[in-house]
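Asker: sequence plus the predicted model coming up.
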Amino acid sequence: MDRFIIISGCSGGGKSTLLEELARRGFSVIEEPGRRIVAAELAGDGKALPRVDAEAFLHKAIALSLEDLERASTLPGPVFFDRGLLDAASGLAEMTGEPVLQRFAELWRFNEAVFLTPPWPEIYRQDAERQHGLDAAIVEYERLLRDYPALGYEVVELPKAPVAERANFVLRRIEGANLTS
C-alpha cells in the first residue's frame, strides 16, 4: 500500500525517535516489532531473545508484523512503520536461506520509498533491548541496503539531522504521493 511507509535502517540510528515525532504530529505509527518482542521476552522466559534464539525471534517478528499490517489496514491516512515485516523476513532469509523475503514482499507491498537511517556512531547506544554492538548494526544496515532495492524499493537515506528536520524531510518526500490505496 502506498500509504504504508517504512522507516528502517541502522539499529540505533534514530528510527524510534523519528517515529515518535511523526506520531506527535498526528500520524499513525506502528512500533518496532523487535523491541516489543524483546520487552515481552525479558519479562517472560526469554527463549526468543535474538541472542538466545535468533530464528525464533525472527519468526515472532514476522507474526507480529503481519498482525500489525492487518491492524494498520483500518487506520486512515499514511501509516509509518518502525521496521516490520520485510526487515524480519530479510533477517530470516539471511540466516536460514529460506525464500521468505520474496514471499512476504509479494504478499505485502509498501510505499516505494523506504527511508533508512544510516549508521550514526555519535548517537548509537546499547540498552536492555539493544544488546548488539554498532558493528552488528552496520552489517544489518548493509543487508537492508541490498535487500530493499532488490525488491524494487527506492532507498532514501535519512540525513543525520535533528529529529524535526528528519520528520520534515520524510513528509516533504511523500508530499503529493497518492497515499489512499
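Answerer: That came in fine, so what should we check first?
Asker: R166 reaches L19, doesn't it?
Answerer: No. Using CB atoms under 8 Å, R166 makes no contact with L19, being 10.3 Å away. Heads up, the C-betas are built off the backbone N, CA and C, glycines and all.
Asker: now the helices for the protein?
Answerer: 15-24, 33-43, 54-72, 85-96, 100-107, 134-150, 163-174 (DSSP state H).
Asker: now what about the shortest one, what contacts it?
Answerer: Put plainly, it is helix 100-107. Here helix 100-107 makes contact (CB atoms under 8 Å, 6 or more residues apart in numbering) with I62, L85, L86, A89, S90, L92, A93, D147, L151.
Asker: quick one on the thing from earlier: P78: which of the helices of the chain is closest?
Answerer: Closest to P78 of those is helix 163-174 (CB to CB; 6.6 Å).
Asker: quick one: buried residues of the closest one?
Answerer: By neighbour count, with 16 or more other CB atoms under 10 Å as the criterion, the buried positions of helix 163-174 are R166, A167, V170, R173, I174.
Asker: show me what the residue lying closest to P118 once chain neighbours are set aside bridges to in the sheet.
Answerer: Closest residue in space to P118, ignoring its immediate chain neighbours: E157 at 5.5 Å, by CB to CB, 6 or more residues apart in numbering. E157 has the following beta-bridge partners by DSSP bridges: L116.
Asker: quick one: E157 and F27, what's the gap?
Answerer: E157 sits 21 Å away from F27, going by CB to CB, to the nearest Å.
Asker: higher neighbour count, the two?
Answerer: Ranked by neighbour count (other CB atoms under 10 Å), E157 and F27 place F27 first, with 18 against 11.
Asker: so what's the gap between the lowest-mean-pLDDT helix or strand in the chain and the chain middle?
Answerer: Least confident helix or strand of the chain, by mean pLDDT, DSSP states H and E, is helix 33-43 with a mean of 86. Taking CA atoms, centre = their mean, to the nearest Å, one finds the center of helix 33-43 at 15 Å from the center of the full chain.
Asker: adjust the sequence numbering to begin at 8 for everything that follows.
Answerer: Got it, the first residue is 8 from now on, which makes the last one we talked about helix 40-50.
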